[in-house]
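Q: Next input, structure requested:
(one chain, ligands or ions: 4)
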Amino acid sequence: MEAAVANGPKKVDDKRNGGVIDGPTNPMVTPLLTDLYQFTMAYAYWKAGKHDERAVFDLYFRKNPFGGEYTIFAGLEDCIRFVAHFNFTEDEIAFVRATLPPSCEDSFFDYLRGLDCSDIEIYSISEGSVVFPKVPLLRVEGPVAVVQLLETPFVNLINYASLVATNAARHRFVAGKSKLLLEFGLRRAQGPDGGISASKYCYMGGFDATSNVAAGRLFGIPLRGTHSHAFVSSFLSPDEILEKSLCSCDGSTVCEDFVSWVQTWLSKLKVVRSGIPNFCAVALALNDLGYKAQGIRLDSGDLAYLSCEARKFFHSIETEFGVPDFGRTSITASNDLNEETLDDLNKQGHEVDAFGIGTHLVTCYAQPALGVVFKLVEINNQPRIKLSEDVSKVSIPCKKRCYRLYGKEGYPLVDIMTGENEPSPKVGERILCRHPFNESKRAYVVPQKVEELLKCYWSGSSDRRREELPPIKEIRDRCIDQLDRMRPDHMRRLNPTPYKVSVSAKLYDFIHFLWLNEAPVGELQ
Ligand SMILES: Nc1ncnc2c1ncn2[C@@H]1O[C@H](COP(=O)(O)OP(=O)(O)OP(=O)(O)O)[C@@H](O)[C@H]1O
Ligand SMILES: O=P(O)(O)OC[C@H]1O[C@H](OP(=O)(O)OP(=O)(O)O)[C@H](O)[C@@H]1O
Ligand SMILES: O=C(O)c1cccnc1
Ligand SMILES: [Mg+2]
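A: Ligands and ions are numbered 1, 2, ... in the order given. Predicted structure coming up:
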């Protein structure tokens, strides 16, 4: 990440759309950040004269993570930044040339040298949206060889981003809206990029702040922090504090020996020595000088019990010494927290105001990857289908449009995919929504609202207007708002109801026609 910070990301002027698109956040995101087979295929497409055939690929996932029934879509902005800057440097060309067999012609490398994404179109669901399996998150259209080169970086950029944003949203769901959620995972993240991405996408998924200073600088995410055990235990005695004076908050007086003042308070608290009375003695002495102490962090032991004890102690101080609001002093808890411990703490009753969550959140301990895939759905206007013994792996062919249909209570009811040229669903008009593969599962829906999901985010050099890339705060607000509008039974942790993902009757018939056409007929002897 350092190179990006030191040099600033590259920028591309996109005057047609009145904006400037920065380069990828991470300078490692280059056209070489792909799998070798993409180059092997690009060469073979080129050799076969197929490289410019117009292909449509869908990027989607097959199953929601963490045993849930929803996913947060994240990583779009980084994909668009990547395509905006997609071209090969001479060094990169030289490396690919040295990697591929020596028989590859010079003119193939001239072809690579001239590549950019001016002939690519990307339609996408808005970043921060609640999304569901099988529905394309991105529809990428362009010359087949170029689109293939985009596969691996796109899947890479979206996979972890969406997974960790979903993990963050799930932690938020359990913690409740009123709690402050702090991402503390940098030290445990999978390397520097894992750490930076975790901070960005946990914020997007509904966390309030991060301890990661670099992420604060790069993305403007609020920074928060407490202090560690090492700081407390580094002081062997109060005598080590050489600068004992403290000026009052308003600057009107100076307390010459603040340390003694704290010790006077400590003797008044008349309790066994522990961190909490020590904190309170300092807080009370600070209060005398007009300062407000922030709070404590519990990092071991029974967090439910200790938070309740701490709260009682704060309240008793408020009452006994008449310090307004002292009872509401903030209590932060940390130490190996995850969805389950948050849920347990809720059941037991606790007085924690803020949770600091690291390892389980950023490593996505409960599920390390989201199975994002990128599948060819059409080439030269010919629909393609990927068949598999496993029905869940059969792809949905055709260049499609996708809609979210809302019911009369305002909740999203169903996502429906249609062929590109079918009429869109209309408010108040009954439409048949079919399970893509299960004949008996179908429902009529009369939508009260119809939202088209895929919008143009990259139009290459065409004149089509593209959507702006919104600031991270706006994406986070969208995420929080969409989660709020979901029907509660889709959201619950235990046995949530699956959200319905469907296809139009016409697309259903076409999928099954193509399936039968493409599937070989076995011969029994
Ligand atoms: N009331 C509670 N209910 C359920 N789980 C809790 C509760 N309080 C704490 N925990 C969890 O129990 C685990 C305690 O871990 P562990 O025993 O390693 O820590 P500790 O010994 O308390 O602290 P330290 O890390 O300082 O040794 C943590 O995962 C913590 O999140
Ligand atoms: O527990 P996490 O969710 O990852 O949250 C971050 C943790 O990191 C710090 O301690 P660290 O784990 O470095 O030391 P410890 O083993 O003493 O808790 C901090 O005190 C938290 O406990
Ligand atoms: O600020 C904190 O308390 C913090 C930050 C990172 C990891 N553990 C704790
Ligand atoms: Mg720990």
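Q: Next one: the residue nearest to V362 when sequence neighbours are not counted from D299, what distance?
A: For V362, ignoring the flanking residues on the chain, the nearest one in space by C-beta to C-beta, 6 or more residues apart in numbering is G185 at 3.1 Å. The C-beta positions use only the backbone N, C-alpha and C, and glycine is treated the same way. Distance, G185 to D299, using C-beta to C-beta, to the nearest Å: 15 Å.
Q: now swap in L218 and tell me
A: Separation of L218 from D299 (C-beta to C-beta): 27 Å.
Q: now I385
A: Here I385 is placed at a distance of 53 Å from D299 (C-beta to C-beta).
Q: Any figure for the gap between the residue nearest to V362 and ligand 1?
A: The span separating G185 from ligand 1 equals 14 Å under the rule C-beta to the nearest ligand atom, to the nearest Å.
Q: leaving aside the residues next to it on the chain, what's closest to the residue in the chain that ligand 1 sits nearest to?
A: With distances taken as C-beta to the nearest ligand atom, the chain approaches ligand 1 most closely at S300, which sits 2.8 Å away. Sequence neighbours aside, N335 is the residue nearest to S300 in space, at 5.8 Å (criterion: C-beta to C-beta, 6+ apart).
Q: mind checking how far that neighbour is from G191?
A: N335 sits 23 Å away from G191, taking C-beta to C-beta as the criterion.
Q: Next: E422.
A: If you go by C-beta to C-beta, the gap between E422 and G191 works out to 45 Å.
Q: Comparing those two, which shows the higher neighbour count?
A: Counted by other C-beta atoms under 10 Å, E422 and G191 do not tie: E422 has more neighbours, with 15 against 8.
Q: secondary structure class for that one?
A: Remark: E422 carries the secondary structure label coil [criterion: DSSP: H, G, I helix; E, B strand; the rest coil].
Q: show me what contacts it?
A: Neighbouring residues of E422 by C-beta atoms under 8 Å, 6 or more residues apart in numbering: 401, 504, 506-507.
Q: can I assume P153 is in contact with L32?
A: No - checked against C-beta atoms under 8 Å, the pair P153 and L32 is beyond contact range at 9.4 Å.
Q: neighbour-wise, which of these two wins?
A: For P153 against L32, the residue with the higher neighbour count under other C-beta under 10 Å is P153, and the figures read 23 against 16.
Q: Specify the local secondary structure of that one.
A: Secondary structure assignment for P153 (three-state DSSP): helix.
Q: In terms of neighbours, single out the busier of I385 and D299.
A: When I385 and D299 are compared on other C-beta under 10 Å, the one with more neighbours turns out to be I385, at 22 against 16.
Q: what's across from the closest residue in space to L454 that isn't next to it in sequence in the sheet?
A: When the adjacent residues along the chain are set aside, L454 lies closest to Y123, with 4.0 Å between them (C-beta to C-beta, 6+ apart). In this structure, Y123 has beta-bridge partners R139, C456, where bridges are defined by DSSP bridges.
Q: wait, doesn't Y123 sit right on L138?
A: Yes - contact criterion C-beta under 8 Å: Y123 and L138 qualify, at 7.1 Å.
Q: Tell me who's in contact with the residue nearest to L454.
A: 138-139, 141, 454-457.
Q: and it, how far is that from ligand 3?
A: Going from Y123 to ligand 3 by C-beta to the nearest ligand atom gives 39 Å.
Q: need the residues of this protein near ligand 3, please.
A: Residues of the chain found near ligand 3 (C-beta under 6 Å from any ligand atom) are 184, 211, 225-226, 297, 334, 356, 358.
Q: Just the buried ones among those residues, please.
A: Neighbour-count burial within those applies to 184, 211, 226, 297, 334, 356, 358; the criterion is 16 or more other C-beta atoms under 10 Å.
Q: Same question for the third one, what's its three-state structure.
A: Taking three-state DSSP as the rule, one finds T226 in the coil state.
Q: Skip the chain neighbours and tell me the closest residue to it.
A: Leaving out its chain neighbours, the residue that sits closest to T226 by C-beta to C-beta, 6+ apart is R297, at 4.3 Å.
Q: For that neighbour, what is the enclosing helix or strand?
A: Taking DSSP states H and E as the criterion, the element that holds R297 is strand 295-298.
Q: outside of that strand, which residues touch it?
A: Under the contact criterion C-beta under 8 Å, 6+ apart, strand 295-298 has outside partners 226-227, 275-276, 279, 306-307, 310, 329-335, 352-354, 356.
Q: Any part of it near ligand 2?
A: No - residues of strand 295-298 are not located near ligand 2 by C-beta under 6 Å from any ligand atom, the shortest gap being 7.6 Å.
Q: Mind listing the strands that strand pairs with, and their directions?
A: Neighbouring strands of strand 295-298 in its sheet, by DSSP bridges, are strand 330-334 (parallel).
Q: Which positions in the partner strand come out as buried?
A: Neighbour-count burial for strand 330-334, with 16+ other C-beta under 10 Å as criterion, is recorded at 331-334.
Q: And the residue of the stretch 301-450 of the chain found nearest ligand 2, how close does it get to A293?
A: Per C-beta to the nearest ligand atom, G358 is where the stretch 301-450 of the chain lies closest to ligand 2, at 2.7 Å. Note on G358: its distance to A293, by C-beta to C-beta, is 24 Å.
Q: can you check K268 too?
A: Relative to A293, K268 is positioned 16 Å away (criterion: C-beta to C-beta).
Q: Return the residues of the chain in contact with ligand 2.
A: 184, 187-188, 299, 334-337, 356-360.
Q: Give me the below-cutoff pLDDT ranges for the stretch 51-200 of the chain.
A: When residues are selected by pLDDT under 70, none of them lie in the stretch 51-200 of the chain.
Q: so where do the strands sit in it?
A: Here the stretch 51-200 of the chain has its strands, by DSSP state E, counting those that start in this stretch, at 54-61, 71-72, 121-124, 130-131, 138-143, 180-183.
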